[in-house]
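In: predicted model follows, preceded by the sequence.
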Amino acid sequence: MRIGRPLAVTMLALAACAAPQPAHESPEAVLDALHAAAARADGPAYFALFAQDAVFIGTDATERWDVPAFRAYADPFFARGQGWTYVPLERHVMLDEGGRIAWFDERLANEKYGETRGSGVLVREGDAWLVAHYVLSFPVPNDLAPELVERIRAARQDGNLQDLR
């Protein structure tokens, strides 16, 4: 599904106003609540949806955060009322046979970055689903990948980006 800019902006605004889910009865509800809490800059609600030993992997190669590190990064933004809005466009959730582990991938719309992707794992702890692993990424069209990779290499050689080797 492809959405136009006016519809995307409307969807972003609606997501920012969405009420939190009262229960974590399904992986889908948790992911919806996660995005809604981030859009409202509601740090306590947002981080309550993560397992204690969860990991968040951001779009930058240096961004692999456990919950305390991610909270330290995000809390100043949330304290200023500044969250981030990612609107789900499409989502696929699969469950293990025991119904205690779910893995997912989702296409998301973001006003600044356009289409992004989220993927990860949720675990069932008691009656609640919690995010154990979340990866946010940018889909790069194959035709643009060589140029983008070369620009990243050049920026690292120039000292503008951290070399992760």
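Out: It's in.
In: hey, which strand is longest across this structure?
Out: When the chain is scanned for its longest strand (criterion: DSSP state E), the result is strand 114-125.
In: contacts for that one?
Out: If you take CB atoms under 8 Å, 6 or more residues apart in numbering as the criterion, strand 114-125 is touched by 27, 30-31, 51, 59, 86, 89, 99-110, 129-139. All C-beta spots, glycine's among them, are computed from the backbone N, C-alpha and C.
In: likewise stretch 24-33?
Out: So stretch 24-33 is contacted by 18, 20-21, 23, 45, 49, 88, 91, 93, 95, 102, 104, 106, 118, 122, 127-131 (CB under 8 Å, 6+ apart).
In: selection in ChimeraX covering whichever of these are buried, please.
Out: Here is the ChimeraX command that selects the buried residues among these (16 or more other CB atoms under 10 Å):
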select :21,45,49,88,102,104,106,118,122,129,130,131
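In: just the ones of the contacts of stretch 24-33 in strands?
Out: If you go by DSSP E, the contacts of stretch 24-33 have 88, 91, 93, 95, 102, 104, 106, 118, 122, 128-131 in strands.
In: of those residues, closest to residue 155?
Out: residue 118 (25.4 Å; CB to CB).
In: in the sheet, who's paired with that closest one?
Out: residue 106, residue 136 (DSSP bridges).
In: look up how far residue 87 lies from it.
Out: 11 Å (CB to CB, to the nearest Å).
In: check residue 99 too.
Out: For residue 99, the distance to residue 87 - CB to CB - is 28 Å.
In: before we move on, back to that, what's the average pLDDT for the longest strand of the chain?
Out: Confidence for strand 114-125, expressed as mean pLDDT, is 97.
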